[in-house]
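>>> let's see this in three dimensions:
(one chain, ligands or ions: 1)
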Amino acid sequence: MEKIAQTDKLYTNFYTYEGVVKALNGVSIEVKHGETYGLVGESGCGKSVTVRSLMRIVQSPGRIEDGRILLFLNEEDRQKAVDIVKRSESYMEGIRGNEVSMIFQEASTSLNPVLSIEYQVGESFRLHRMKEILQEAIESLGGQDGSPGGWKGFQIRLLKREQKARKRYDTRAERIEAKIVGIGELDNKVDIKKRHALEKKREKIRKSDGLVQFVKHVPVLRRYYRPVDRIVHRMVVELLEALGIPNPENIAGSYPHELSGGMQQRIVIAIALACHPKMLIADEPTSNLDVTIQAQIIELINKLKETQISSVLFITHDLGVVAEVCDRVTVMYAGDTCETAKVATLFNEPLHPYTKALLKSVPKVQQEEALATIPGIVPNLVHPPSGCRFHPRCEQAMDICKQIKPEVIEYSEGHTVACHLYTAKEAE
Ligand code: SF4
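Now for the predicted structure:
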């Protein structure tokens, strides 16, 4: 199976007053086309930082320090990768929500309480589908057969101006982006300054025409935009309907506080799927939901994976959810990847002591003895343990574990592990 996203030896740090939090310690993961890939581990193990780095939304004081993030989004040539670490922020705005989307942990905090559902879902269409919407609006006014006079003519002329402004924007943005990519590695001050200046220049290009901007801010004239609003409204209602949301017209007009937790999560999923992304990242989408709603959301994501999205990257600390939704899974601990395998292999033949301990701590039906726990807590990543970061909690730790970080080795086909118990055996 071909890859759709890959991180290669990714290091992300957070610069706090207490010191540098080394949140990712060279994380390498691969998500393939057509699969549901899980990232699992205790809270604080770096799952969310990994996907935030993948989307390039690590907030200050965090920073991606080193490594590559490759996206394979070219339909014609699936081997062709874009290293998004080298791309500008404006380029990433075109990728997020369009090619790769994310559902965040808590639906209630992902939605803006003062904006209607229609506005929040419609924003994705306005950001990424505006060219098609403008064309449809012009055609609905009869603009393709010359310009009629009067109000309709005024509307068509303004919509066409906006269309032209967007085409101009695309050409200029592409030219600047090529220069940014051409700079390559940022290993000296001159290149860093040059890139910074180009990014600023790209941010300053206006997507919209000056006259159109003015008209949009004059309430009486803003009516010219109504065909666009009507099309966006129709797209929002169709999307909500397609996701099985009952009474989509009413829901579109409501505000987040009027909806239940489960319905809010469906709206967040609708926003993420509005532009048919190739990959969906779901960051613990079922935490804080009761079990019946959890099951419904998981069923919905599974159904969407079959019909609309190519790949899903699913983050959870719940191994039961992993067993239900994922094809392959990576276990993470303290910013390191411990083990990657197909779900059945991981559950039946776990290799890494941390994976084994995690599996032992899952409650079983008819279990009589007390639930096993992993002694100790996830380490403070300002001063992470030396060598294998799991060694202070590992029952099988050896001397070498305190000194040298274990390499990831392929134990069997598709089953990799980073532990000295296996690297030592491999060397024999
Ligand atoms: Fe335990 Fe050593 Fe393996 Fe780390 S490398 S999991 S400490 S045995």
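>>> got the phi and psi for His33?
Phi and psi for His33, reported as degrees, to the nearest 10, are phi -60, psi 130.
>>> likewise Gly150?
Main-chain dihedrals, Gly150, degrees, to the nearest 10: phi 70, psi -150.
>>> check which element follows the one helix or strand Ile176 maps to along the chain.
Using DSSP states H and E, Ile176 maps to helix 150-183. Once the chain leaves helix 150-183, the next helix or strand it forms, by DSSP H and E, is helix 189-204.
>>> any chance you could list what contacts that following helix?
88-90, 173, 176-177, 179-180, 183-186 (C-beta atoms under 8 Å, 6 or more residues apart in numbering). Yep, even glycine has a C-beta here, placed from its N, CA and C like the rest.
>>> enumerate every residue touching the residue in the stretch 201-350 of the chain positioned nearest to the ligand.
Nearest to the ligand in the stretch 201-350 of the chain, going by C-beta to the nearest ligand atom, is Cys338, at a distance of 7.2 Å. With contact set as C-beta under 8 Å, 6+ apart, Cys338 has these partners: 41, 330-332, 352, 354-355, 390, 417-419.
>>> same thing but at 10 Å, please
Counting by C-beta atoms under 10 Å, 6 or more residues apart in numbering, Cys338 makes contact with 40-41, 45, 330-332, 350-355, 358, 388-390, 406, 408, 416-419.
>>> then Tyr422?
By C-beta under 10 Å, 6+ apart, the contact set of Tyr422 is 339, 351-352, 406-407, 409-411, 416.
>>> show me which of the contacts of Cys338 neighbour the ligand.
Among the contacts of Cys338, the residues within reach of the ligand (C-beta under 6 Å from any ligand atom) are 352-353, 388, 390, 406, 419.
>>> check those and tell me the two furthest apart.
Using C-beta to C-beta, the pair of those lying farthest apart is Pro353 and Pro406, separated by 11.2 Å.
>>> let me know the secondary structure of the residue of the stretch 201-350 of the chain closest to the ligand.
Using DSSP: H, G, I helix; E, B strand; the rest coil, the structure places Cys338 in strand.
>>> that one and Glu35, how far apart?
Cys338 sits 20 Å away from Glu35, going by C-beta to C-beta, to the nearest Å.
>>> now His275. Its backbone dihedrals?
Actually, residue 275 is Cys rather than His. Dihedral angles for Cys275 - degrees, to the nearest 10 - are phi -100, psi 20.
>>> for it, the count of nearby residues, please.
Residue crowding around Cys275 was assessed by other C-beta atoms under 10 Å; the count is 16.
>>> who's in contact with the closest residue to Val312 other than its chain neighbours?
Among residues not flanking Val312 along the chain, Thr36 sits closest, at 4.4 Å (C-beta to C-beta, 6 or more residues apart in numbering). With contact taken as C-beta under 10 Å, 6+ apart, Thr36 is in contact with 280, 282, 301-302, 305, 309, 311-314, 322, 324-329, 343.
>>> follow-up on the earlier one: which of the contacts of Tyr422 are buried?
By neighbour count, with 16 or more other C-beta atoms under 10 Å, those hold 339, 351-352, 406, 411, 416 as buried.
>>> turn those residues into JSON lines, including pLDDT and secondary structure.
Below are the buried ones among the contacts of Tyr422 laid out as JSON lines (pLDDT from 0 to 100; DSSP: H, G, I helix; E, B strand; the rest coil):
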{"residue": "Glu339", "pLDDT": "95", "secondary structure": "strand"}
{"residue": "Leu351", "pLDDT": "95", "secondary structure": "coil"}
{"residue": "His352", "pLDDT": "94", "secondary structure": "coil"}
{"residue": "Pro406", "pLDDT": "94", "secondary structure": "coil"}
{"residue": "Tyr411", "pLDDT": "92", "secondary structure": "strand"}
{"residue": "Thr416", "pLDDT": "95", "secondary structure": "strand"}
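>>> mind listing what the residue nearest to Leu239 when sequence neighbours are not counted touches?
Using C-beta to C-beta, 6+ apart and skipping the chain neighbours, the partner closest in space to Leu239 is Ala270 (5.5 Å). Applying C-beta under 10 Å, 6+ apart to Ala270 gives the contacts 117, 120-121, 124, 236, 239-240, 242-243, 245, 248, 251.
>>> please apply the same query to Pro375.
Listed by C-beta under 10 Å, 6+ apart, the contact set of Pro375 reads 357, 392-395.
>>> if I look at it, how far off is the ligand?
13 Å (C-beta to the nearest ligand atom, to the nearest Å).
>>> same deal with Leu421?
Going from Leu421 to the ligand by C-beta to the nearest ligand atom gives 5 Å.
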